[in-house]
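Trainee: Could you look at this predicted model? Sequence included:
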Amino acid sequence: MKRFYHPDTLELQQMTNLSDVAAHHASNVMRLKISDKIILFNNDVYDYVAEIIRINKKNVEVIIQSKIANHKNSALDIKLIQSISSNEKMDWIIQKSVELGVSTIIPVYSERSIIKLKDDRAEKKLSHWKQIIQSACEQCGRSKVPEIFVPKKLDIFWSNENISAKEHLKLILSPLAQHSLNSISMASPSSVDIMIGPEGGFANEEIICAEKHGFIPINLGPRILRTETAPLTMLSLLQYKYGDFV
């Protein structure tokens, strides 16, 4: 069954209309018909099985018939603090991070970030990123939708950063770091924050500031990874070591 994100609360035996985006995809792309069944999800821990009762090019009405527990959400809470990169790279990072189980994405402007988005462009970009996240959840089977924020400068991010609990692991990637993920002694963190730099990497001052806020610099081996490769590698390793990769 095809999966669609639904922004509103879902209840059994409820009749509801799909969002404009979902209705267009169901009607004009997937060519679904009356009596076809689909799955809706809406940021809780369930998938909702629904049957199409009315459909045309602009509107799709369904009735919710049952709900089933969704077991594809990651138990590991991972926050990705990602330096802004070019449009295609950022879209790729967001899409694949969702597939790999990220919980929260915080785009930031670091010293060497090339891309700078002004207010209007930032809001439009945020809307675009949210659509990518929803589509990625539809594809990979998640029902919990990761949160993403408007890009912010690193100094603003630091001003909002709280002191973490003992079971909260905070990492920042640096090719010059002496530690690796294997050297981290924490056995089973409840949550992990990971910071990824831009194309030119973090400046030394930014690494120092991160350390003052509890982040541990680590490297991923002898080769320097691109900004779009590093987060996906890191998320995969975290899911293997602490999460649900087997």
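Mentor: Thanks, I have the structure now.
Trainee: Can you read off the pLDDT for Ala165?
Mentor: With respect to pLDDT, Ala165 has a value of 60.
Trainee: what's the answer for Ser159, then?
Mentor: What the model reports for Ser159 is a pLDDT of 86.
Trainee: what about it, is that helix, strand or coil?
Mentor: Using DSSP: H, G, I helix; E, B strand; the rest coil, the structure places Ser159 in helix.
Trainee: Which helix or strand contains the residue most central in space within the chain?
Mentor: Most central in the chain under CA atoms, centre = their mean is Val98, positioned 4.0 Å from the mean C-alpha point. With elements delineated by DSSP states H and E, Val98 resides in helix 87-99, which encompasses its position.
Trainee: Quick one: list the elements packing against that helix.
Mentor: For helix 87-99, the helices and strands in contact under the criterion 3 or more CB pairs under 8 Å, 6 or more residues apart in numbering; DSSP states H and E are strand 77-83, strand 104-109, helix 119-140, helix 230-241. (Each C-beta comes from the backbone N, C-alpha and C, glycine too.)
Trainee: Can I get those in a markdown table including mean neighbour count?
Mentor: As requested, the helices and strands packed on helix 87-99 are arranged in a markdown table below (neighbours: other CB atoms under 10 Å):
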| stretch | mean neighbour count |
| --- | --- |
| strand 77-83 | 23 |
| strand 104-109 | 21 |
| helix 119-140 | 16 |
| helix 230-241 | 20 |
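Trainee: Of all these, which one is nearest Phe149?
Mentor: When those are ranked by proximity to Phe149, the top entry is strand 104-109, at 5.4 Å, counting by CB to CB.
Trainee: Now find how far off-centre that closest one is within its chain.
Mentor: Per CA atoms, centre = their mean, to the nearest Å, the displacement of strand 104-109 from the mean C-alpha position of its chain is 10 Å.
Trainee: now do stretch 39-59
Mentor: Between the mean C-alpha point of stretch 39-59 and the mean C-alpha point of its chain there is a distance of 22 Å (CA atoms, centre = their mean).
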